[in-house]
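Chemist: Provided below are the primary sequence and the corresponding predicted coordinates.
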Amino acid sequence: MKKTFAYIVASLFGVGFAPVASGTFGSLASFILIVPSIYFDGLQGILALFCASFFLGWLASRVVLRYTEHDPGLIVIDETAGQTITFVFVSKFLSSNFSYWYLYILGFALFRLFDITKPLFIGVADRKIENAFGVMFDDVLAGIVSAICLYAITLFI
């Protein structure tokens, strides 16, 4: 039961079993949680979602990693945590407002760019931290870099 529940959580209810681009599908599926969290609860909502997804993802990943290799594609709850962090600095624009909808698209693109390419310290974290925390942490770092870039873009728009 514990193993089954861990796989359900880690794969974001099966999204992680997509035959290709499971991380991208995980990031897209995360918007089912991200948009209402920001729209209705703003910064508090997005931070609560981040904390929940990170903690549950870490716990679920600990179990899944007993049966798989480091950071298998089926674990996509880490995408939820990272994608969530992307919108922290712009949550004030998105709270109770859809007129800045394009920030969701930009945030998604930035997060996927940094999560896939893993530049600099993101790649180091991915390679060096070989446990459940590492599975989650490289995506959090990609989310933080994406958040900074997204906020910088909003300063020019």
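Modeler: Great, that's in hand. Numbering: from 1, shown residues only.

Chemist: what packs against the one helix or strand F137 maps to?
Modeler: F137 belongs to helix 132-156 when assigned by DSSP states H and E. When contacts are defined as 3 or more Cβ pairs under 8 Å, 6 or more residues apart in numbering; DSSP states H and E, helix 132-156 packs onto helix 22-64, helix 77-85, helix 102-117, helix 121-128. In this view, the C-beta of every residue, glycine as well, is placed from N, C-alpha and C.

Chemist: Hmm, L47 is touching V88, no?
Modeler: Yes. Proximity of L47 to V88 meets the contact threshold set by Cβ atoms under 8 Å, at 7.1 Å.

Chemist: sorry, back to before: now mean pLDDT, mean neighbour count and distance to Y151 too, for the helices and strands packed on helix 132-156, in JSON lines please.
Modeler: Shown next, in JSON lines, are the helices and strands packed on helix 132-156 (pLDDT from 0 to 100; neighbours: other Cβ atoms under 10 Å; distance: least, Cβ to Cβ, whole Å):
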{"stretch": "helix 22-64", "mean pLDDT": "96", "mean neighbour count": "19", "distance to Y151": "13"}
{"stretch": "helix 77-85", "mean pLDDT": "97", "mean neighbour count": "30", "distance to Y151": "12"}
{"stretch": "helix 102-117", "mean pLDDT": "97", "mean neighbour count": "19", "distance to Y151": "10"}
{"stretch": "helix 121-128", "mean pLDDT": "91", "mean neighbour count": "15", "distance to Y151": "18"}
